[in-house]
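*Asks:* model the structure of this input:
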Amino acid sequence: MSSISSSLFFPAFTSPLHISRQCLRLQPTHSCYRRYAFHNHGNITLSIHLQSASPHPYSNLQSGCSAIASSNDGTISMINIEDVMEKDWSFLEYLDSSEEHKQKIDKIISAGEITENSKVLIAISSNEFVDRVVDSSNFEQLLVVHDSIFMLACIKEKYDMVKCWQGELIYVPEKWAPFDVVFIYFLPALPFELCQILEALRKRCLPGARVVISHPQGRQVVEEQQKKYPDVVVSNLPEKMLLQNVAADHSFELVKFVDEPDFYLAILKFEAERA
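*Replies:* Numbering: from 1, shown residues only. Here you go, the predicted model:
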């Protein structure tokens, strides 16, 4: 298996102290490298050592990082980044092996209508969902976008062909577009208005592309999660009328909407002629 650094990307940030979150202690297995531009330091190569996890993989993630800065006058300085920390995403991994839960996941995936020529984007997902997409579908390209460096590292360890990008959905580089299937598995974690998200996707989708917004446990569970994890769950699932109106404003048609107590599914279709 090739090195994780070949396809795992981290967006630039403006300060070595950009991330300050709860984290998990790891044992060394991988190193990922990316060159950044920092103010007053010129170009910096950041080395992130991704390591195998403790028994609680998301609650206390920790990575050792260092950065070597080359200034314009030729001198080299060292910037030590002691901890790379991230939010606790463990609540997305449902400990539910029931047949009903598996059927819900399969229903979400089938809504995307993935084909062997599909370019698929999955945003803010669980490992379980990515596993199921890979196991059940043939596709041309699969890109997973997430805030969690640790989760992306785990995905690359299992699936070398899956592309991973660490950052926000609305800033996904166009080099992987256009997409014809987009899964927004956990919309309430995205810190953007619905109109911003659909505007970004409108520019990155093929005509007829399907955007699937889902939650396999439904609105009530999201409300409970928002109380427990207010730093991660920043909104709720959109109501039908709001989703329909915002979708129409950005050239999407709401073709299916299910809002049950224990299941949420909305399917949008991109209508290019209205763009």
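*Asks:* so which residues of the protein form strands?
*Replies:* Counting by DSSP state E, residue ranges of the strands within the chain are 8-9, 24-38, 42-53, 61-62, 64-70, 76-81, 119-123, 141-146, 163-166, 179-184, 205-215, 252-260, 263-270.
*Asks:* burial of the nearest residue to D131 once chain neighbours are set aside, as a residue count?
*Replies:* Counting by Cβ to Cβ, 6 or more residues apart in numbering, D131 lies nearest to K158, which is 7.7 Å off, once chain neighbours are set aside. From N, CA and C alone the C-beta is placed, and that goes for glycine too. Other residues near K158 number 12, with proximity taken as other Cβ atoms under 10 Å.
*Asks:* and K158, how far from L268?
*Replies:* As judged by Cβ to Cβ, to the nearest Å, K158 and L268 stand 29 Å apart.
*Asks:* repeat that for P173.
*Replies:* Applying Cβ to Cβ, the value for P173 to L268 is 22 Å.
*Asks:* now L143, which residues is it bridged with?
*Replies:* With DSSP bridges as the criterion, the beta-bridge partners of L143 are L121, K163.
*Asks:* F270 touches L206, doesn't it?
*Replies:* Yes - using Cβ atoms under 8 Å, F270 and L206 qualify as a contacting pair, with a distance of 7.2 Å.
*Asks:* which of these two has more residues huddled nearby?
*Replies:* More neighbours sit around F270 than around the other of F270 and L206, counting by other Cβ under 10 Å; the figures are 26 against 15.
*Asks:* wait, what's in contact with the more buried one?
*Replies:* F270 sits next to L201, R202, C205, L206, P207, G208, A209, R210, V211, S251, F252 when contact means Cβ atoms under 8 Å, 6 or more residues apart in numbering.
*Asks:* how many residues are close by the nearest residue to the second one once chain neighbours are set aside?
*Replies:* Computed as Cβ to Cβ, 6+ apart, the closest residue to R202 that is not its neighbour in sequence is H250, at 4.9 Å. Residues lying near H250 (other Cβ under 10 Å) number 21.
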